[in-house]
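Enquirer: Provided below for reference: sequence and predicted model.
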Amino acid sequence: MNDGVNGVALTVFILFFLAVTVMGFLAARWRKAENEHSLDEWGLGGRSFGTWITWFLLGGDLYTAYTFVAVPAAIYAAGAAGFFAVPYTILVYPLIFTFLPRLWSVSHKHGYVTTSDFVRGRFGSKGLSLAVAVTGILATMPYIALQLVGIQAVLDVMGVGGGENTNWFVKDLPLLIAFGVLAAYTYSSGLRAPALIAFVKDTLIYIVIAVAIIYIPIKLGGFDDVFGAASEKYTAAKAGGLVPLEAGQWTYATLALGSALALFMYPHSITATLSSRSREVIRRNTTILPLYSLMLGLLALLGFMAIAAGVKVTNPQLAIPQLFEDMFPDWFAGVAFAAIGIGALVPAAIMSIAAANLFTRNIYKDFIRPDATAAQETKVSKLVSLLVKVGALVFVLTMDKTVAINFQLLGGIWILQTFPALVGGLFTRWFHRWALLAGWAVGMVYGTFAAYGVASPTQKHFGGSAKEIPGIGEIGYIGLTAFVLNVAVTVILTFILKAAKAPDGVDETSPEDYTADAGDPGVEVELPPATAGTSH
């Protein structure tokens with residue numbers, strides 16, 4: 001690894017960073033709203049984005065700096081098992097085609113800003129809504145932290161911040177500056193900032209991957225040599241090589257399926273979805289988002305290239321930045337590092353906005369200040385978005401990077417437990433609200449304790465997300481096992497509670513709300529009473 005600062009790469013990186021910073025602040029003037037003091041405007045971009053803006057925003061949301069670093073890093077360290085991200089993104093698009101348009105329609109009709117808003121309206125339960133909100137916030141925090149880990153990996157490879165003996169403030173100053181800029185333009189421009197920057201981010205990523213997939217194999221002697229070197233490494237390490245070991249196939253399959261179910265449960269995915277201007281925008285996006293799966297497959301191949309190039313790093317997360325440093329001319333290495341860095345800023349901004357909206361609408365508004373006005377809601381959400389980013393920064397600066405990664409895996413287990421309430425609620429009112437809450441609790445407790453018992457070479461607890469599946473004996477994804485328990489408890493208790501005639505909540509939605517579009521008569525957004533200063 002280069003011990004000095006790569007001046008050319010750093011200069012290119014800084015130029016791109018300055019460009020997107022300017023764009024972030026200018027975004028406040030882009031599609032400027034008549035009333036900026038509402039969550040619809042600050043947190044959802046006025047619900048006005050068309051197909052391409054939404055596509056870039058969702059891509060910026062789902063394909064992050066951590067994806068850029070971690071997917072090929074998993075291939076580099078563990079072999080073909082790291083490819084699980086490719087099939088799960090293929091699985092997720094038909095899934096979201098069935099429910100995202102319904103969620104957009106009912107949210108547009110009733111002015112819902114978060115998934116918890118919908119759950120409260122559908123089941124008439126603030127308790128269930130609170131559970132979904134808290135889960136979303138907890139799952140999002142380590143995800144934001146990992147975006148900062150992605151930036152830090154790039155800075156390390158460029159030699160910025162000094163060595164291990166450097167004063168902590170000097171070492172972390174570049175990350176602090178990046179955080180400060182991100183916090184400032186997110187506070188100022190809301191969702192419009194990441195929406196605008198996403199164009200630059202995705203364009204850079206496509207360029208870098210297209211160049212890498214052609215240029216690097218040529219320098220390494222072709223794909224035969226790349227796959228040959230990878231196979232030799234895995235065979236020597238008895239890691240399964242280019243095909244996952246039989247013992248790991250259950251883990252591979254359950255992780256892919258569980259991750260597909262969880263992906264669009266994350267608050268930032270829903271925030272990007274609800275920012276679109278029509279139901280048809282969502283439907284079109286689900287048909288073109290698979291282009292990102294193609295990109296992800298090509299991105300994963302960089303892990304094999306890092307092996308063939310002889311990249312040696314103690315932390316696999318540095319493998320791809322180091323590959324770019326070693327293989328590309330300095331100026332293009334700077335472009336690649338900028339793609340990763342900007343790829344961290346976009347999702348971190350959306351994630352912090354989504355978490356802040358959950359707190360504001362479903363904790364502050366529901367339980368602390370029911371009479372909050374729209375302007376007060378927006379102010380609180382802006383402040384909370386800053387606090388969320390500060391928490392993520394503290395997490396990154398004070399804890400080992402593997403801890404951040406494993407807590408993100410735990411977040412995936414947690415967020416999957418909101419699936420029955422959200423997706424189930426979009427198609428049926430049969431589930432009882434208390435049963436859904438009990439099922440969520442069982443899934444959360446089982447998932448957390450099961451993950452707590454998983455050890456790794458660097459951690460005694462929370463060392464992974466796979467464990468033996470009770471009753472089957474195979475090693476599988478903890479989140480999916482917890483989800484099955486969640487659904488089982490929900491179904492059984494629903495039968496019991498309905499038989500006991502337990503009081504059900506009031507459903508404020510109607511069947512036609514789930515298929516309505518923006519242009520339909522009488523389907524303009526019904527702003528919640530918060531805008532008038534009354535209880536919601």
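Expert: Arrived safely, thanks for sending.

Enquirer: Going by C-alpha atoms from here, please, whenever you check contacts or count neighbours.
Expert: Fine.

Enquirer: Would you tell me which helix is longest in this structure?
Expert: helix 126-158 (DSSP state H).

Enquirer: After that one, which helix or strand is next?
Expert: Stepping forward along the backbone from helix 126-158, the first helix or strand reached (DSSP states H and E) is helix 168-189.

Enquirer: so what does the next helix or strand after that next one touch, helix or strand wise?
Expert: The helix or strand immediately downstream of helix 168-189 is helix 192-220, counting by DSSP H and E. If contacts are counted by 3 or more CA pairs under 8 Å, 6 or more residues apart in numbering; DSSP states H and E, helix 192-220 sits against helix 7-26, helix 51-62, helix 168-189, helix 223-237, helix 290-308, helix 330-359.

Enquirer: quick one: which of those helices is nearest residue 501?
Expert: helix 330-359 (31.6 Å; CA to CA).

Enquirer: Mind listing what's buried along the next helix or strand after that closest one?
Expert: As assigned by DSSP H and E, the chain's next helix or strand after helix 330-359 is helix 374-398. Buried residues in helix 374-398, counting neighbours by 16 or more other CA atoms under 10 Å, are found at 374-382, 384-386, 388-390, 392-393, 395-397.

Enquirer: do you know how far the most centrally placed residue in the chain is from residue 330?
Expert: Nearest to the geometric centre of the chain sits residue 62, at 5.3 Å (CA atoms, centre = their mean). Using CA to CA, to the nearest Å, one obtains 28 Å as the distance from residue 62 to residue 330.

Enquirer: can you check residue 387 too?
Expert: Plainly put, residue 387 is 36 Å away from residue 330 if you go by CA to CA.

Enquirer: likewise residue 132?
Expert: Distance from residue 132 to residue 330, by CA to CA: 46 Å.

Enquirer: Please say which of these two ends up with more neighbours.
Expert: Using other CA atoms under 10 Å, the more surrounded residue of residue 132 and residue 330 is residue 132, with 30 against 19.

Enquirer: I figured residue 94 hits residue 286, correct?
Expert: Yes - counting by CA atoms under 8 Å, residue 286 is a contact partner of residue 94 at 7.5 Å.

Enquirer: more crowded one of those two?
Expert: Just comparing residue 94 and residue 286: by other CA under 10 Å the higher neighbour count belongs to residue 286, 20 against 13.

Enquirer: residues in contact with that one?
Expert: Residue 286 is in contact with 93-94, 96-97, counting by CA atoms under 8 Å, 6 or more residues apart in numbering.

Enquirer: Report pLDDT for it.
Expert: At residue 286, the pLDDT value in this model is 84.

Enquirer: Ok, residue 533 next?
Expert: Residue 533 is assigned a predicted lDDT (pLDDT) of 37.

Enquirer: again with residue 166
Expert: 58.

Enquirer: before we move on, what about residue 243?
Expert: Here, the pLDDT recorded for residue 243 equals 69.

Enquirer: and if you look at the one 5 residues further on?
Expert: At residue 248 the predicted local distance difference test score is 76.

Enquirer: who's the closest residue to it other than its chain neighbours bridged to?
Expert: Of all residues not flanking residue 248 in the chain, residue 475 sits nearest, at 7.3 Å (CA to CA, 6 or more residues apart in numbering). Counting by DSSP bridges, residue 475 is bridged to residue 468.

Enquirer: unless I'm mixing things up, residue 475 is touching residue 246, no?
Expert: No - between residue 475 and residue 246 there is no contact under CA under 8 Å: 11.0 Å.

Enquirer: Of those two, which one has the most company?
Expert: residue 475 (18 against 10).

Enquirer: Pull up the gap between residue 453 and residue 8, please.
Expert: 46 Å.

Enquirer: so where's the protein uncertain?
Expert: Scanning the chain for pLDDT under 70 picks out 1-3, 31-36, 60, 161-171, 238-245, 401-402, 519-536.

Enquirer: what about the closest residue to residue 48 other than its chain neighbours, how many neighbours?
Expert: Leaving aside its sequence neighbours, residue 48 sits nearest to residue 277 (CA to CA, 6+ apart; 4.4 Å). Residue 277: 22 surrounding residues under other CA under 10 Å.

Enquirer: Assess the claim that residue 277 and residue 52 are in contact.
Expert: No - using CA under 8 Å, residue 277 and residue 52 do not qualify as a contacting pair, with a distance of 11.5 Å.

Enquirer: picking up where we left off before, can the helices and strands packed on helix 192-220 go into JSON lines with extra columns for distance to residue 435?
Expert: Listed next are the helices and strands packed on helix 192-220 as JSON lines, based on distance: least, CA to CA, whole Å:
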{"stretch": "helix 7-26", "distance to residue 435": "44"}
{"stretch": "helix 51-62", "distance to residue 435": "31"}
{"stretch": "helix 168-189", "distance to residue 435": "38"}
{"stretch": "helix 223-237", "distance to residue 435": "47"}
{"stretch": "helix 290-308", "distance to residue 435": "35"}
{"stretch": "helix 330-359", "distance to residue 435": "22"}
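
Enquirer: quick one: which of the ones you listed is nearest residue 124?
Expert: Of the helices and strands packed on helix 192-220, the one closest to residue 124 (CA to CA) turns out to be helix 330-359, at 17.1 Å.
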